[in-house]
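[1] any chance you can model this:
(2 chains)
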Amino acid sequence: GAVVSQHPSWVICKSGTSVKIECRSLDFQATTMFWYRQFPKQSLMLMATSNEGSKATYEQGVEKDKFLINHASLTLSTLTVTSAHPEDSSFYICSAPGGLTSTDTQYFGPGTRLTVL
Amino acid sequence: AQTVTQSQPEMSVQEAETVTLSCTYDTSESDYYLFWYKQPPSRQMILVIRQEAYKQQNATENRFSVNFQKAAKSFSLKISDSQLGDAAMYFCAYRRGSGGSNYKLTFGKGTLLTVNP
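    Here you go, the predicted structure:
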């Protein structure tokens, strides 16, 4: 299957600061990437769809100014949590459809654990 | 809107035995994909198996197989010869039809599988 990486794998920051999370497709190009948020023992909640060269599409209830998404190239999407607060603490996962054979299957990054103090 | 329902929050199985995880979904589309993802304690989402709706034959991947009942909108996962490494959260997911890499996944709430030695 295709490989998706995320960096950092975990981050601790102070309330009010901004944090950037990177998502990279390592062996394929992805014009689309997805960003999810997952609380403990819960399912994945889609936050936004990242589109290379255009604006991201946010799900209802997700603050665009809070969660900035930039899809700068065909292999990199970034999620910036601006002015982070303790309620933003969560596990953030990205995914990208594709690989060598099909764009019908999404492959996931290992996730980033964000803790805001 | 599409919905995915996993009615078993938790399941357990003895090592080497067989277990079946249930999933039902609701859609008005005729062309779609169904997936089972595994999320072990590391929280890395791993694709277990996928099924194209237009295929009548049930997908299989080694010890993993599905029972896809399109008319009943049911998509269960059977794990044979269960191993300790199968212990994880399992998510059923739906994606609408082919042609668009930006089609998002809809996840069920997950089933936590415990494998007893």
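[2] can you give me the helices in chain B?
    Using DSSP state H, no helices are found in chain B.
[3] once you drop chain neighbours, what's closest to the residue in it positioned nearest to chain A?
    Residue of chain B nearest chain A, by Cβ to the nearest Cβ: residue B:45 (3.7 Å). Yep, even glycine has a C-beta here, placed from its N, CA and C like the rest. Once flanking residues are discounted, residue B:45 sits nearest to residue A:108: 3.7 Å by Cβ to Cβ, 6 or more residues apart in numbering or on different chains.
[4] how about residue A:17, secondary structure?
    coil (DSSP: H, G, I helix; E, B strand; the rest coil).
[5] picking up where we left off before, how close does the residue of chain B closest to chain A get to residue B:37?
    5 Å (Cβ to Cβ, to the nearest Å).
[6] residue A:87 too?
    Residue A:87 is 27 Å from residue B:37, by Cβ to Cβ.
[7] for the two, indicate the residue with more neighbours.
    Shown here are residue A:87 and residue B:37; by other Cβ atoms under 10 Å in any protein chain shown, residue B:37 has more neighbours (25 against 8).
[8] and the residue nearest to residue B:45, how many neighbours?
    For residue A:108, using other Cβ under 10 Å, the count is 24.
[9] equivalent analysis for residue A:18, please.
    When neighbours are counted by other Cβ under 10 Å, residue A:18 registers 11.
[10] not counting its neighbours along the chain, what's nearest it?
    Per Cβ to Cβ, 6+ apart, closest to residue A:18 is residue A:82, 4.8 Å.
[11] shouldn't the one you found be in contact with residue A:63?
    No. Between residue A:82 and residue A:63 there is no contact under Cβ atoms under 8 Å: 9.2 Å.
[12] list the residues that contact whichever residue of chain A sits closest to chain B.
    Proximity of chain A to chain B (Cβ to the nearest Cβ) peaks at residue A:108, 3.7 Å away. With Cβ atoms under 8 Å, 6 or more residues apart in numbering or on different chains as the criterion, the residues that contact residue A:108 are A:4, A:93-95, B:37, B:44-46.
[13] what lines up beside the worst-scoring helix or strand of chain A on mean pLDDT in the sheet?
    Lowest by mean pLDDT, DSSP states H and E among the helices and strands of chain A is strand A:106-108, with a mean of 90. In the sheet, strand A:106-108 lines up against strand A:90-97 (antiparallel) (DSSP bridges).
[14] what does chain B put close to chain A?
    Residues of chain B lying near chain A by Cβ under 8 Å from any Cβ of the partner chain: B:33, B:35, B:37, B:42-47, B:50, B:52, B:91, B:95, B:98, B:101-105, B:107-110, B:112.
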